[in-house]
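# kindly generate the corresponding structure for this input.
(chains A, B, C and D)
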Protein chains: 2
Amino acid sequence: MMNVLEQITQNLEKLSKSERKVADVIQASPKTAIHSSIAALAKMADVSEPTVNRFCRRMDTKGFPDFKLHLAQSLANGTPYVNRNVEETDNVEEYTTKIYDSTLASLDRSKQMIDTAAINRAVDILTQAKKISFFGLGASASVAQDALNKFFRFNVPVASYEDALMQRMSCINSTEGDVIVFISHTGRTKSLVDIAQIDKQNDANVIGITARNSPLADACHLVISTEIPEDTDLYMPMASRIGQLVIIDVLATGFTLRRGSKFRENLQKVKQGIRDSRYTKTPD
Amino acid sequence: MMNVLEQITQNLEKLSKSERKVADVIQASPKTAIHSSIAALAKMADVSEPTVNRFCRRMDTKGFPDFKLHLAQSLANGTPYVNRNVEETDNVEEYTTKIYDSTLASLDRSKQMIDTAAINRAVDILTQAKKISFFGLGASASVAQDALNKFFRFNVPVASYEDALMQRMSCINSTEGDVIVFISHTGRTKSLVDIAQIDKQNDANVIGITARNSPLADACHLVISTEIPEDTDLYMPMASRIGQLVIIDVLATGFTLRRGSKFRENLQKVKQGIRDSRYTKTPD
DNA sequence: TAAAAAAGTGTAATTTTATTACATTTGACT
DNA sequence: AGTCAAATGTAATAAAATTACACTTTTTTA
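Take a look at the predicted model:
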């Protein structure tokens, strides 16, 4: 079912005068609401108890207790939406919690907004690629490297250069059947945009994990956006690159699923190879 | 307050026989629990109603209704308690949601379990370092590269090699005042353990972002654990490396805070340099 | 525009649900 | 075996939510 707080906002018009009072009180302080009885809430809104009950039913809940349950859930999801910025005076616990919270909030937002149709098309394109390249610069370079590491296991020709010059050289010879994935949070890194345009001219398939409506996005055939509003001009990239990584995970997962079970047996062999370079779990 | 479901898991030992029955019923089907009355739940667990009430109080809630509220909130956070594994038959929406959910769940868990004292000591050590190195292999190599990218901006001597041989060579000359950060999810990668031991012998400061009680952890002076239970023998590393990245973020943040405001002005200059290589936000 | 209908709201009774007080049982330790 | 404390249940009580119904306001239409 839908988020109750949004439900309230949307149906605000359709409510009667008294029910509206109830809505106002709840919106003003939902945290108080979930800890109040129907009598207390009725008093706060200056209406009768049945009115509160009727309000709850109008919000598609079974009654007041059920409504409180839903409200509690909305609150649990909604609390981290505030971007909690680190202050100079914060101690360890404080800045640690803030960083975790804003990462969680960003990922949650990304989850809500993600365009699965775009993901699906990207998986289509990737599975049919003759060769896959991942390009990123700065913080996105390590994301590209991570993608390389994942797709390398799939036994497809895959490349990644963190050097802008190497990237440029590799794109000169790109051709139909090649897929190049550009990773950039802002989508405004000049050299990446240049390269993407050349790739596009060479009929290579260009995918961007980047911001909508950016110069880089314009140069791509397909754009996947994390929808994470991080200002990397001012702050170090944090949540943004984590959003990119989760998209890499999703693409890699889609890739293996599309390739079928035969293919996944092969994956196990690569895994086995890695395992031999490790200490066993119970060394003593 | 803490996640109620975890609270139950943790206090499982301390519960009496009957209260344990209640815990079992709730854990088996928390969704049913939040929609049941105390009478219904008591019947399910085959105990009396006051027992259920006492159980709720033991979980640091005011009573049964309050307990249900907390439970609802725990459930709302992405149903984090179950690890939702991707199935062969999943469609795009399904596997995308599952990956986001399990990443969110892992991060949330990591947030709860993180040892901020260890973080604090790590920041101490890092701020006093003459030189910092980040080493990781495979999926953790890109995490090391990300760390390099972050700390590079801080204008401290920093290095990272993804090649096992280069890592080995660099550690031969390590000395007091050097800090080496090893990144490994399992903590059982042989070559990293070897190198860590040499570094330790050379009186360098060895920090591990790795699993507790692992061979690598034993070779480190200080261990920071993400507490993310991902079996990277069977599956591709996903949530594990994201947990590592958030720890890098936390360390980098702690580092800048510790260095004070003068230092952060310097950071702005580096940022300015990067900005010049970008298209402005409103290119048209 | 006045009467009828409909929608909205409140009061009080009823029902459901949760909590408390106390009695009984269980089990551990003399 | 007997005593004590902890655990659990029974039954009474209190709290909370819902329902039924009456009154009030608003809207419709003759």
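# and the spatially most central residue of chain A, which of the three is it?
With distances taken as Cα atoms, centre = their mean, chain A has A:S110 as the residue nearest its mean C-alpha position (2.8 Å). With DSSP: H, G, I helix; E, B strand; the rest coil as the basis, A:S110 sits in helix.
# who touches it in this structure?
A:S110 sits next to A:226-228, A:243, A:246, B:100 when contact means Cβ atoms under 8 Å, 6 or more residues apart in numbering or on different chains. For the C-beta atoms, the positions are set from N, CA and C on the backbone; glycine is no exception.
# so which of those residues sit within helices?
Counted as lying in helices by DSSP state H, out of the contacts of A:S110, are A:243, A:246, B:100.
# isn't the first one up against A:L107?
If I follow you right, that is A:G243. Yes: using Cβ atoms under 8 Å, A:G243 makes contact with A:L107 at a distance of 6.5 Å.
# what about A:S18, neighbour count?
If you count neighbours by other Cβ atoms under 10 Å in any protein chain shown, A:S18 ends up with 18.
# helix or strand for it, which one?
Element membership of A:S18, judged by DSSP states H and E, is helix A:17-28.
# list the buried residues in that helix.
By 16 or more other Cβ atoms under 10 Å in any protein chain shown, the buried positions in helix A:17-28 come out as A:18-23, A:25-26.
# which one of those residues is nearest B:E6?
Nearest to B:E6 out of the buried residues of helix A:17-28 is A:I26 (Cβ to Cβ; 28.6 Å).
# and the closest one, how close does it get to chain B?
Using Cβ to the nearest Cβ, to the nearest Å, A:I26 is found at 15 Å from chain B.
# list the contacts for that residue?
So A:I26 contacts A:8, A:33, A:41, A:71 (Cβ under 8 Å, 6+ apart).
# before we move on, what about A:L69?
A:61, B:34-35, B:68-69, B:72.
# how about the host helix or strand of it: buried residues?
According to DSSP H and E, A:L69 maps onto helix A:64-78. For helix A:64-78, burial by neighbour count (16+ other Cβ under 10 Å) applies to A:64-78.
# please see if that helix touches DNA strand D.
Yes: Helix A:64-78 reaches DNA strand D (Cβ under 7 Å from any atom of the strand) through A:64-66, A:68.
# between that helix and helix A:17-28, how many degrees?
40 degrees (axes from the mean of the first three to the mean of the last three Cα atoms, to 10 degrees).
# convert the C-alpha atoms of helix A:64-78 to PDB, please.
Extracted in PDB, the C-alpha atoms of helix A:64-78 (Å, rounded to 0.1, in the frame of the first residue of the first chain):
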ATOM      1  CA  PHE A  64      -7.400   4.100  14.000                       C
ATOM      2  CA  PRO A  65      -4.900   1.500  15.200                       C
ATOM      3  CA  ASP A  66      -4.300   0.300  11.700                       C
ATOM      4  CA  PHE A  67      -3.800   3.900  10.600                       C
ATOM      5  CA  LYS A  68      -1.200   4.400  13.200                       C
ATOM      6  CA  LEU A  69       0.600   1.400  12.000                       C
ATOM      7  CA  HIS A  70       0.800   2.700   8.500                       C
ATOM      8  CA  LEU A  71       1.800   6.100   9.700                       C
ATOM      9  CA  ALA A  72       4.600   4.600  11.700                       C
ATOM     10  CA  GLN A  73       5.800   2.900   8.600                       C
ATOM     11  CA  SER A  74       5.700   6.000   6.500                       C
ATOM     12  CA  LEU A  75       7.700   7.800   9.200                       C
ATOM     13  CA  ALA A  76      10.300   5.000   9.300                       C
ATOM     14  CA  ASN A  77      10.900   5.500   5.600                       C
ATOM     15  CA  GLY A  78      10.700   9.200   5.600                       C
END
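# now it: average pLDDT?
Across helix A:64-78, pLDDT averages out at 80.
# check the offset of it from the chain's centre.
The chain centroid and the centroid of helix A:64-78 are separated by 24 Å under Cα atoms, centre = their mean, to the nearest Å.
# what of stretch A:128-140?
The answer for stretch A:128-140 is 19 Å, by Cα atoms, centre = their mean.
# quick one: that stretch near chain B?
Yes: using Cβ under 8 Å from any Cβ of the partner chain, stretch A:128-140 reaches chain B at A:138-139.
# start to end distance for that stretch?
25 Å (Cα to Cα, to the nearest Å).
# list the buried residues for it?
By 16+ other Cβ under 10 Å, the buried positions in stretch A:128-140 come out as A:129, A:131-140.
# in a markdown table: the contacts of A:S110, plus distance to DNA strand D.
Converted to a markdown table, the contacts of A:S110 look like this (distance: Cβ to the nearest atom of the strand, whole Å):
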| residue | distance to DNA strand D |
| --- | --- |
| A:T226 | 41 |
| A:E227 | 38 |
| A:I228 | 39 |
| A:G243 | 40 |
| A:V246 | 39 |
| B:Y100 | 34 |
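# and for the residue of chain A found nearest DNA strand D, the neighbour number?
For chain A and DNA strand D, the shortest gap (Cβ to the nearest atom of the strand) falls at A:G63, measuring 2.0 Å. By the measure other Cβ under 10 Å, the count of residues near A:G63 is 13.
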